[in-house]
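**Q** sequence unknown, structure follows:
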């Protein structure tokens, strides 16, 4: 995977993480947090889909790697909701 593919993958993860935060209604952090949430969401979502035998609904092929878009968003939502329960509310 080259540098261009890596940046494209970061962009896709950031978009998925941002969508996950927007759906959950809990926004803390900026671009880096969204990228991390996108990758964490991809791991959680892929694990859920494999665990329950669900199909990969929509994925993006980058540099020979497959990134699960829908499962990343679903996993991001789940992760953000869990984190929001343990984070104190702002003012």
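**A** Done, it's in. Being a predicted model, the structure only gives us computed values, none of them experimental. Residues are numbered from 1 along each chain as shown.
**Q** so who does the residue nearest to the spatial centre of the chain touch?
**A** In the chain, the centroid-proximal residue (CA atoms, centre = their mean) is residue 38; its distance is 2.3 Å. Residue 38 makes contacts with 12-18, 20, 72, 76, as judged by CB atoms under 8 Å, 6 or more residues apart in numbering. For every residue, glycine as well, the C-beta is placed using N, CA and C.
**Q** wait, a helix at it?
**A** Yes: assessed with DSSP: H, G, I helix; E, B strand; the rest coil, residue 38 lies in a helix.
**Q** thinking again about what came up before, of the contacts of residue 38, just say which sits nearest to residue 33.
**A** Closest approach to residue 33 among the contacts of residue 38 (CB to CB): residue 17, at 7.2 Å.
**Q** so that closest one sits in a helix?
**A** Yes: using three-state DSSP, the assignment for residue 17 is a helix.
**Q** is it correct that it is in contact with residue 34?
**A** Yes: assessed by CB atoms under 8 Å, residue 17 is found in contact with residue 34 at 3.7 Å.
**Q** more crowded one of these two?
**A** residue 17 (29 against 22; other CB atoms under 10 Å).
**Q** which residues of this structure score low on pLDDT?
**A** 90-91 (pLDDT under 70).
**Q** for the nearest residue to residue 66 once chain neighbours are set aside, give me its contacts.
**A** In this structure, residue 66 finds its nearest non-sequential neighbour in residue 59, 4.7 Å apart by CB to CB, 6 or more residues apart in numbering. The contact partners of residue 59, by CB under 8 Å, 6+ apart, come to 66-69.
**Q** how much space between residue 59 and residue 86?
**A** Distance, residue 59 to residue 86, using CB to CB, to the nearest Å: 31 Å.
**Q** kindly report the same for residue 47.
**A** 20 Å.
**Q** between these two, which has more neighbouring residues?
**A** Per other CB under 10 Å, whichever of residue 47 and residue 86 has more neighbours is residue 47, with 12 against 6.
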